[in-house]
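Engineer: Test case, fold it:
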Amino acid sequence: MAGHQKEKAIADEVHQNQILRELYLKELRTQKLYTQYHVNPLRKVHTIARKPMSWHDNLEEPADARFLNLIHHAAQGPRKKYPETQTEGQEIGWDSEPLVNPQRDDRRLNHFRVYNDITLYKAKMWSLGEDDRHK
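Structural biologist: Numbering: from 1, shown residues only. Model (predicted):
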């Protein structure tokens, strides 16, 4: 029995080594080396203030026009970037202009609060508070 356990452990060690070798070869096949990096235009960019006493941060560097255009494009809102909605969620509020011109003197659309002597009395009573009203 003990010999069988030892033989199985060795076989498992061989199988483990074979599995690790296959994983290693698979990683080598699928691995891709990236050498060009850029800013994700869909993420907001947070600027960090430079250290005022650092000499290498205070050197003037030439502005990269492509990078600046990318940053400005990423900072724009979706209505300025795209002519139409890109997701279903953007459809809500995409056309935010009112369909009807809001006129304040149109009584059909505007229902302002009108005070009479009874409503003034009740409003004054409510302004005193809930506790004073029930006494």
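
Engineer: Could you look up the SS state of the most centrally placed residue in the chain?
Structural biologist: Per Cα atoms, centre = their mean, the C-alpha nearest to the average position across the chain is that of Arg43, at 7.2 Å. Of the three states, Arg43 takes coil according to DSSP: H, G, I helix; E, B strand; the rest coil.

Engineer: what sits against Arg107?
Structural biologist: Counting by Cβ atoms under 8 Å, 6 or more residues apart in numbering, Arg107 makes contact with nothing. Heads up, the C-betas are built off the backbone N, CA and C, glycines and all.

Engineer: From Val114, how far off is it?
Structural biologist: Distance from Arg107 to Val114, counting by Cβ to Cβ, to the nearest Å: 11 Å.

Engineer: shouldn't the residue nearest to the centre of the chain be in contact with Ala74?
Structural biologist: Yes: using Cβ atoms under 8 Å, Arg43 is in contact with Ala74, at 7.1 Å.

Engineer: Okay, helices next: where are they in this structure?
Structural biologist: 2-30, 65-75, 78-81, 117-128, 130-133 (DSSP state H).

Engineer: For stretch 53-60, what is the spacing between the initial and final residues?
Structural biologist: 14 Å (Cα to Cα, to the nearest Å).

Engineer: ok, back up a step: closest to Ser96 out of the helices of the chain?
Structural biologist: With Cβ to Cβ, the closest approach to Ser96 among the helices of the chain belongs to helix 78-81: 8.7 Å.

Engineer: contacting residues around that closest one?
Structural biologist: Residues contacting helix 78-81 (Cβ under 8 Å, 6+ apart): His73, Thr85, Gln86, Gln90, Trp94.

Engineer: List the ones among the residues you listed that fall in strands.
Structural biologist: Assigned to strands by DSSP state E, none of the contacts of helix 78-81 qualify.

Engineer: how many neighbours does His38 have?
Structural biologist: Counted by other Cβ atoms under 10 Å, the residues lying close to His38 total 8.

Engineer: Look up the pLDDT of it for me, please.
Structural biologist: Looking at His38, its pLDDT reads 79.
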